[in-house]
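Participant: What shape does this take:
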Amino acid sequence: MDISVLGPFRATLSGVPVHLTAVKPRKVFALLALQAGEAVSVASLVEEVWGEHPPRSVQTTLQTYILQIRNAIAAALADGTEGEGLPNGAKSVLVTEPGGYRLDIHGGLLDAHEFDALSAAGHRALSQGDWPAAATYLSGALALWHGRALADVQCGPLLEVEATRLDESRMSVLQRRIEADLRLGRHHELVGELSGLAARHPLHEAVHEQLMLALYRVGRRSDALAVYRQLRRCLNQSLGLDPSPSVEHLHRAVLDSSPQLELDPSAAPGPQLARAT
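Facilitator: Numbering: from 1, shown residues only. Model prediction:
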């Protein structure tokens with residue numbers, strides 16, 4: 001079974017989609033999918049679907065949802081070839097465990113796991129100063145995304161935490177990929193992307209730092225300073241805060257046309273200004 005959670009939730013068996021449209025069974029299926037290969041307790045499934053107010057018939061209702069998921073898996077198995085090696089059919093995929101259930105994907109792919117592996121490789125490459133490899137790995141990780149995590153699932157408390165974690169991780173990886181591209185001198189290519197990110201995240205200081213640096217390096221010093229003023233205004237109006245010392249340091253460097261801002265691809269990662277120089 002292959003599973004996608006980095007965008008709309010999808011599961012396929014030998015390329016055949018597992019069709020499941022009911023809201024609450026999809027929540028159960030999504031939580032099992034995110035923890036594929038691990039037992040998920042009945043208590044966790046109940047919390048995800050009903051929160052702190054489960055119905056009296058919760059055990060029976062949950063078992064009904066499990067049956068619906070198994071039926072959807074069985075239908076996909078019947079239309080594909082994967083069922084030939086599963087003597088217990090859908091029960092070999094959605095396995096009953098003591099106190100819970102486990103989704104066994106039998107060597108299939110979970111895109112969240114692929115994302116984590118590529119991201120880790122990209123971070124290692126960054127720490128070693130291998131900017132081309134870092135950019136390649138991190139770009140590959142980001143290419144797995146097709147929207148917000150679990151975009152079409154009505155997430156309960158547990159799935160909401162997981163979806164938020166994945167979305168935050170995506171943003172972090174995006175920043176590191178941009179860092180690698182800055183190291184490689186791809187400033188002209190980055191200006192448009194960073195401008196869009198800054199517009200969508202008006203309080204995200206790291207994005208604005210990267211945009212200021214990219215603009216400065218393509219000869220748009222006045223625009224870099226305008227980005228700083230816009231960020232300062234948004235932080236003051238929304239949070240009553242001034243920009244961080246890192247942003248202020250970069251601002252002073254841009255004002256002074258500091259040699260520190262010139263590209264040095266051999267420099268080791270460090271604080272924002274040094275990291276991008």
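Participant: In the strand or helix carrying V247, which residues are buried?
Facilitator: Following DSSP states H and E, the helix or strand that holds V247 is helix 245-255. Within helix 245-255, the residues that qualify as buried are 247, 249-251, 253-254, counting by 16 or more other CB atoms under 10 Å. Using the backbone N, CA and C atoms, a C-beta is placed for each residue, glycine as well.
Participant: Please list the outside residues in contact with stretch 184-197.
Facilitator: By CB atoms under 8 Å, 6 or more residues apart in numbering, the residues outside stretch 184-197 that reach it are 131-132, 135, 174, 178, 181-182, 204, 207, 210-211, 213-215, 217-218, 220, 263, 265.
Participant: Tell me which residues touch L77, please.
Facilitator: L77 sits next to 13, 16, 83, 86, 89-90, 93 when contact means CB under 8 Å, 6+ apart.
Participant: Going by distance to N71, which of those wins?
Facilitator: Taking CB to CB as the measure, N71 sits nearest to A90 out of the contacts of L77, at 7.3 Å.
Participant: Is it correct that the closest one is in contact with A74?
Facilitator: Yes: taking contacts as CB atoms under 8 Å, A90 lies within contact range of A74: 4.2 Å.
Participant: more crowded one of the two?
Facilitator: The neighbour count for A90 versus A74, taken as other CB atoms under 10 Å, is higher for A90 (22 against 18).
Participant: hmm, back to that, the helix holding V247 packs against which elements?
Facilitator: For helix 245-255, the packing partners by 3 or more CB pairs under 8 Å, 6 or more residues apart in numbering; DSSP states H and E come out as helix 205-217, helix 221-239, helix 272-275.
Participant: run the last query once more with 6 Å
Facilitator: helix 205-217, helix 272-275 (3 or more CB pairs under 6 Å, 6 or more residues apart in numbering; DSSP states H and E).
Participant: so what's G156 closest to, chain neighbours aside?
Facilitator: Distance criterion CB to CB, 6 or more residues apart in numbering; nearest residue to G156, sequence neighbours excluded, is E48 at 4.1 Å.
Participant: dump the residue contacts of that neighbour.
Facilitator: Shown in contact with E48 (CB atoms under 6 Å, 6 or more residues apart in numbering): 27, 31, 156, 158.
Participant: Columns pLDDT, distance to V5 and neighbour count on top of those, output as TSV?
Facilitator: Formatted as TSV, the contacts of E48 follow (pLDDT from 0 to 100; distance: CB to CB, whole Å; neighbours: other CB atoms under 10 Å):
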residue	pLDDT	distance to V5	neighbour count
K27	96	13	23
L31	97	10	24
G156	95	15	20
L158	97	13	20
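Participant: Throw these into JSON lines and include secondary structure and distance to A39, thanks.
Facilitator: Formatted as JSON lines, those follow (DSSP: H, G, I helix; E, B strand; the rest coil; distance: CB to CB, whole Å):
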{"residue": "K27", "secondary structure": "helix", "distance to A39": "17"}
{"residue": "L31", "secondary structure": "helix", "distance to A39": "12"}
{"residue": "G156", "secondary structure": "coil", "distance to A39": "19"}
{"residue": "L158", "secondary structure": "helix", "distance to A39": "15"}
